[in-house]
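Q: Sequence and computational prediction follow.
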Number of protein chains: 2
Amino acid sequence: MARWYCGRSLRRVIAKLDLTSDPVALTETLVNIPSVSRQEDELAAAVELALQEQAGHLEITRSGNAVLARTNLGLPSRVVLAGHLDTVPINDNFPARRTDDGDEEILHGCGSVDMKGGDAVMLYLAATAIEPSHDLTFVFYDCEEIDATQNGLGRIERDLPDWLAGDLAIVCEPSNALVEAGCQGTMRIELRTKGRRAHTARAWMGSNAIHALGSALRILEDYEARTVEIDGCLYREGLQAVSVSGGVQGNVVPDSAVLAINFRFAPDRSGEQAEEHLRALFAAYDVTVVDLAVGAMPGLSAPAARELIEAAGGEPVAKLGWTDVARFAARGLPAVNFGPGDPTLAHTREEHVPVAQIRRCAEVLSRFLLDSRG
Amino acid sequence: MARWYCGRSLRRVIAKLDLTSDPVALTETLVNIPSVSRQEDELAAAVELALQEQAGHLEITRSGNAVLARTNLGLPSRVVLAGHLDTVPINDNFPARRTDDGDEEILHGCGSVDMKGGDAVMLYLAATAIEPSHDLTFVFYDCEEIDATQNGLGRIERDLPDWLAGDLAIVCEPSNALVEAGCQGTMRIELRTKGRRAHTARAWMGSNAIHALGSALRILEDYEARTVEIDGCLYREGLQAVSVSGGVQGNVVPDSAVLAINFRFAPDRSGEQAEEHLRALFAAYDVTVVDLAVGAMPGLSAPAARELIEAAGGEPVAKLGWTDVARFAARGLPAVNFGPGDPTLAHTREEHVPVAQIRRCAEVLSRFLLDSRG
């Protein structure tokens, strides 16, 4: 536990964060300040105070439990770095602990991978990138892990839109310290079938709504998902049943059933095109779209994006899950994910981050923001 | 409402039933004494008292809320008539009411079709068939409409088995006043599929348990149910999905799903054969039998059964639903359903019975029990 952390009963004492020395130690300190969604006040206060005291060159503002900071150097381009402060609920994985098997040093704990490692890198850069090659905006926001309508980034879009302007957005969600470009869209649809109830002893008097789902499952089994290459990134689509339900009682031919399907689609499809595709595929069914978040094109031809990929010294890869990258893409900014840790560990009790990835992210971004200075 | 019915607050006053004059009026009186399962005490007391007072030629006994009565004339054959006294819960269909559109006189109300019309016919016969051609046993029992383990007939089988002995059983459940012979068996199975969870954004890392139900639904869609003729009765089998469920959350490839299937099978299949048939059909699946009630062969070659069909003046038809007929068949008695009303109205708010069918059942059974006297 951070030695400055004084607990919720003494809320006025704000934890002190050391932004400049070691992003790994800083990650550990951040993990030790609990910040489950809607309870980010303590961490937001610590972040704000630390920026005020250790990054005096930045303009700082608050929006609820989000803290925003930026340079105003009049440079020809601006890079926005964004990270959420909140975590999913603690699950027997607090406080932080470190392990070292001689081969790899690991930091464990709630939020270690999603995404206090990325937040620590951002805070380190905010305090140390005094003379950057691009103007910089840092967005530490709240409520990313709960219903999308509560997302702090959405509130900032509405209330402080100029704070999200720029030429490249880097969302420091875990990406195994690789540049993950764009993101896939996601759509959930429901297929509803209707039948006619009857006693199963006289089944021919009814019509079975569960049987009527058979050809939809056949379509899903036979579906050949596309793999699409855009800007050198491979996006792999997927079409999966995610729930099915139906039935009245054990001796009744059921008259209704519902199959929910999740479509993950490459960013070359718009939301409308994705819907059109599914409606054509399931033309025989009553289809309702219940959820949609469009994807984001990788946008890697933008100069700042090219510089970042160069600094990372590697090929970019496609982001398959949906992230807040798409919000920036919708505002016209090329946007990538770049952060420490394995995203498949997010939300698990076992979440952890290799400390080498935290260091690598800090180094790559420092190089990008300082060396590429034109 | 019956004028002798004094309500639950005056439980000691037992309603008076007139057994000998009119089975239709008697049905109405029975409907007006509520007897939801487990609450048959009031009706059972009225039945017992009426038999004591108006059918002194019978030996009478009680078993819980069941009332049993029989002749002991030493005749060469015995006919058992059985009817349950309980009903499903009242559903805005109490007390009884009569309608007459000039064409047909109808009695409406909870229990009118299932099965107080049949009970009234039995009570009428108990009081009036003083010199029958067969020895007679009347079984008025409780708790037929709830879990099979509570069924009063099961308790009588255990405690008073000699009261169920005989050469023919007539269960006076509604059969549209036709002799319905035997009954079909019913089996419920569950197919469980297993998969591997994965985020839908990386669906190829998982295996979808809902998709795996596709070929089972295909088998159900393509299934050609048998129609089997036995003793001139046509039994029509059926194989129907009755429930389906599966799913973890909207962005997860589900790792398990369950499909429940109800098989209604003709009485030429034993329970083992029915199970074998389904296991062969769904060989690719993990199959569990969750419910089984075997059917009953019609047994119409028995002399008493032939006499009954003659008295009913018509062809017997197959019983498709499962009824307590099967309990008698399992004890070696040929057993039929014969009672007033349309069985598809049972358990509906609109249940009703044509009074002409009550009269016809009373007449047919009187003729059978008196005229056929050998």
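A: Yes, it's here. Because the structure is predicted, anything quoted here is derived from the model rather than measured. Numbers count the residues shown, from 1 in each chain, chains lettered A, B, ... in the order given.
Q: where does the residue nearest to residue A:369 when sequence neighbours are not counted fall, phi/psi-wise?
A: Once flanking residues are discounted, residue A:369 sits nearest to residue A:132: 4.5 Å by Cβ to Cβ, 6 or more residues apart in numbering or on different chains. To be clear about C-beta, it is placed using only N, CA and C from the backbone, and glycine gets the same treatment. When read as degrees, to the nearest 10, the backbone of residue A:132 gives phi -80, psi 160.
Q: can you pull the contacts of residue A:195?
A: The contact partners of residue A:195, by Cβ atoms under 8 Å, 6 or more residues apart in numbering or on different chains, come to A:206, A:207, A:208, A:209, A:210, A:211, A:212, A:253, A:254, A:255, A:256, A:257.
Q: if we can go back for a sec, may I ask you to confirm that the residue nearest to residue A:369 is in contact with residue A:370?
A: Yes - taking contacts as Cβ atoms under 8 Å, residue A:132 lies within contact range of residue A:370: 6.4 Å.
Q: more neighbours, those two?
A: residue A:132 (20 against 16; other Cβ atoms under 10 Å in any protein chain shown).
Q: mind listing what that one touches?
A: Contacts of residue A:132 by Cβ under 8 Å, 6+ apart are A:71, A:73, A:75, A:79, A:369, A:370, A:373.
Q: that older thread, for PyMOL, what selects the buried ones among the contacts of residue A:195?
A: Buried residues among the contacts of residue A:195 (16 or more other Cβ atoms under 10 Å in any protein chain shown), as a PyMOL selection:
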select buried, chain A and resi 206+207+208+209+210+211+212+253+254+255+256+257
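Q: Format the contacts of residue A:195 as CSV; extra columns: distance to chain B and pLDDT.
A: As requested, the contacts of residue A:195 are arranged in CSV below (distance: Cβ to the nearest Cβ, whole Å; pLDDT from 0 to 100):
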residue, distance to chain B, pLDDT
A:206, 8, 93
A:207, 10, 95
A:208, 6, 97
A:209, 9, 97
A:210, 4, 98
A:211, 5, 97
A:212, 9, 97
A:253, 5, 93
A:254, 6, 95
A:255, 12, 94
A:256, 11, 96
A:257, 7, 98
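Q: Which ones among the contacts of residue A:195 map onto strands?
A: Among these, the ones falling in strands (DSSP state E) are A:253, A:256, A:257.
Q: For the last one, give the beta-bridge partners.
A: The one in question is residue A:257. Beta bridges link residue A:257 to residue A:193, residue A:246, judged by DSSP bridges.
Q: Give me the nearest residue to residue A:263, chain neighbours excluded.
A: residue A:187 (4.6 Å).
Q: sorry, back to before: just the closest of the contacts of residue A:132 to chain B, please.
A: Of all those, residue A:79 has the smallest distance to chain B: 26.1 Å, by Cβ to the nearest Cβ.
Q: Note down every partner strand of the strand or helix carrying the closest one and its orientation.
A: Using DSSP states H and E, residue A:79 sits in strand A:78-84. Applying DSSP bridges to the sheet, strand A:78-84 is found paired with strand A:135-141 (parallel), strand A:168-171 (parallel).
Q: Any chance of the ones you listed in CSV with distance to residue A:249 as columns?
A: Listed next are the strands paired with strand A:78-84 as CSV, based on distance: least, Cβ to Cβ, whole Å:
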stretch, distance to residue A:249
strand A:135-141, 48
strand A:168-171, 49
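Q: and those as JSON lines, adding mean neighbour count and mean pLDDT?
A: Shown next, in JSON lines, are those (neighbours: other Cβ atoms under 10 Å in any protein chain shown; pLDDT from 0 to 100):
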{"stretch": "strand A:135-141", "mean neighbour count": "24", "mean pLDDT": "98"}
{"stretch": "strand A:168-171", "mean neighbour count": "28", "mean pLDDT": "96"}
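Q: need the residues of the stretch 101-250 of chain A near chain B, please.
A: The stretch 101-250 of chain A has residues A:184, A:186, A:188, A:199-204, A:208, A:210-211, A:213-214, A:217-218, A:220-221, A:225, A:236, A:238-250 near chain B, with proximity defined as Cβ under 8 Å from any Cβ of the partner chain.
Q: Can you redo the ones in strands among the contacts of residue A:195 as TSV, where the extra columns are distance to residue B:277?
A: Output for those, formatted as TSV (distance: Cβ to Cβ, whole Å):
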residue	distance to residue B:277
A:253	20
A:256	28
A:257	25
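Q: Break down the stretch 51-200 of chain A into its helices, ranges please.
A: A:117-128, A:152-159 (DSSP state H, counting those that start in this stretch).
Q: Which elements pack onto the longest one?
A: Packed against helix A:117-128 by the contact rule (3 or more Cβ pairs under 8 Å, 6 or more residues apart in numbering or on different chains; DSSP states H and E) you find helix A:23-31, helix A:41-54, strand A:78-84, strand A:135-141, helix A:355-370.
Q: and what of the shortest one?
A: The criterion is 3+ Cβ pairs under 8 Å, 6+ apart, and the helices and strands that helix A:152-159 contacts are strand A:59-63, strand A:66-70, strand A:78-84, strand A:135-141, helix A:325-330.
Q: quick one, what contacts residue A:191?
A: Contacts of residue A:191 by Cβ under 8 Å, 6+ apart are A:213, A:216, A:258, A:259, A:260, A:261, A:282, A:285, A:286, A:287.
Q: So which of these are in helices?
A: Among these, the members found in helices (DSSP state H) are residue A:216.
Q: Can you find the helix or strand in chain A with the smallest mean pLDDT?
A: When the helices and strands of chain A are compared on mean pLDDT, DSSP states H and E, strand A:198-199 comes out lowest with a mean of 87.
Q: centre of the chain versus it, how much separation?
A: Relative to its chain's centre, strand A:198-199 lies at 48 Å (Cα atoms, centre = their mean, to the nearest Å).
Q: Same check on stretch A:56-72?
A: Put simply, stretch A:56-72 sits 21 Å off its chain's centre (Cα atoms, centre = their mean).
Q: buried residues in it?
A: Buried residues in stretch A:56-72, counted by 16+ other Cβ under 10 Å: A:58, A:60, A:63, A:65, A:66, A:67, A:68, A:69, A:70, A:71.
Q: how much space between the first one and chain B?
A: Spelled out, that is residue A:58. Distance from residue A:58 to chain B, counting by Cβ to the nearest Cβ, to the nearest Å: 35 Å.
Q: who's in contact with that residue?
A: By Cβ under 8 Å, 6+ apart, residue A:58 lies in contact with A:51, A:69, A:70, A:71, A:126, A:138.
Q: From those residues, pick the one nearest chain B.
A: Ranked by distance to chain B (Cβ to the nearest Cβ), these are led by residue A:138 at 27.2 Å.
Q: all strands in the stretch 201-350 of chain A, in order from the N-terminus.
A: A:227-230, A:233-236, A:238-247, A:252-253, A:256-265, A:286-293, A:317-318, A:335-337 (DSSP state E, counting those that start in this stretch).
Q: Which one of those strands lies nearest to residue B:14?
A: Ranking the strands of the stretch 201-350 of chain A by proximity to residue B:14 (Cβ to Cβ) places strand A:252-253 first, at 38.3 Å.
Q: Strand partners (parallel or antiparallel) of that closest one?
A: Checking strand A:252-253 against DSSP bridges gives partners strand A:198-199 (antiparallel).
Q: For the strand it pairs with, which outside residues touch it?
A: Surrounding strand A:198-199, the residues in contact under the criterion Cβ under 8 Å, 6+ apart are A:204, A:205, A:206, A:251, A:252, A:253, B:321, B:344.
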